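# Okay, predicted coordinates and the sequence, questions at the end:
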Amino acid sequence: MDEDIVVVEIPPPIVKSPKIIKKRGLETHLRIGRGYSIGEIKQAGLNIKLAKYLNIPLDMRRRSVHQYNVENLKKVVSMLSILISSKKTKPAKIVHQQPNQQSQ
């Protein structure tokens, strides 16, 4: 196995279930959401591009910011701080030599 692979489990986002008008919104509870909102990503100190790179689920439709989701993201960022702060090196260029074609 490769020792450079880091496995970090990202906790699922928790959101409030939508209010049902027939029941006058009395039965609201928390459930697992589709992804983190942009506001939660930004409050955790990430940007959208880096969140997508780290495979953090995003829900572009959500506008709410829940503090417990921000705390979960901050824990993930602290675990991945080595990967985020490390500088990327340029990949080596692959040079293919074409065989000399002689015209006859």
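Happy to help now that I have it.
# Please report how far Gly45 lies from Leu30.
For Gly45, the distance to Leu30 equals 24 Å [C-beta to C-beta, to the nearest Å]. Every C-beta, even on glycine, is put in place using the N, C-alpha and C of the backbone.
# who's more crowded, the two?
Neighbours were counted for Gly45 and for Leu30 using other C-beta atoms under 10 Å; Gly45 has more, 14 against 11.
# Listing request: residues of the protein with sub-threshold pLDDT.
Within the chain, the segments meeting pLDDT under 70 span 1-6, 22-28, 82-104.
# Residue for residue, what is the longest helix it has?
Longest helix in the chain, counting residues (DSSP state H): helix 67-79.
# Just the CA trace of that helix, in CSV.
Output of helix 67-79 as CSV, limited to C-alpha atoms (Å, rounded to 0.1, in the frame of the first residue of the first chain):
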residue,chain,number,x,y,z
GLN,A,67,-23.0,26.3,13.1
TYR,A,68,-22.7,22.5,13.7
ASN,A,69,-21.9,22.0,10.0
VAL,A,70,-19.3,24.8,10.2
GLU,A,71,-17.7,23.1,13.2
ASN,A,72,-17.6,19.7,11.3
LEU,A,73,-15.9,21.4,8.4
LYS,A,74,-13.4,23.1,10.6
LYS,A,75,-12.5,19.7,12.0
VAL,A,76,-12.0,18.3,8.5
VAL,A,77,-9.8,21.3,7.6
SER,A,78,-7.7,20.8,10.6
MET,A,79,-7.1,17.1,9.7
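# so where do the strands sit in the chain?
Using DSSP state E, the strands of the chain run over residues 14-16, 30-32.
# neighbours around Ile41, how many?
Using other C-beta under 10 Å: Ile41 sits among 22 other residues.
# residues making contact with stretch 63-77?
When contacts are defined by C-beta atoms under 8 Å, 6 or more residues apart in numbering, stretch 63-77 is touched by residues 8, 10-11, 13-16, 36-37, 39-41, 43-46, 54, 56, 84.
# Thanks a lot, see you next time.
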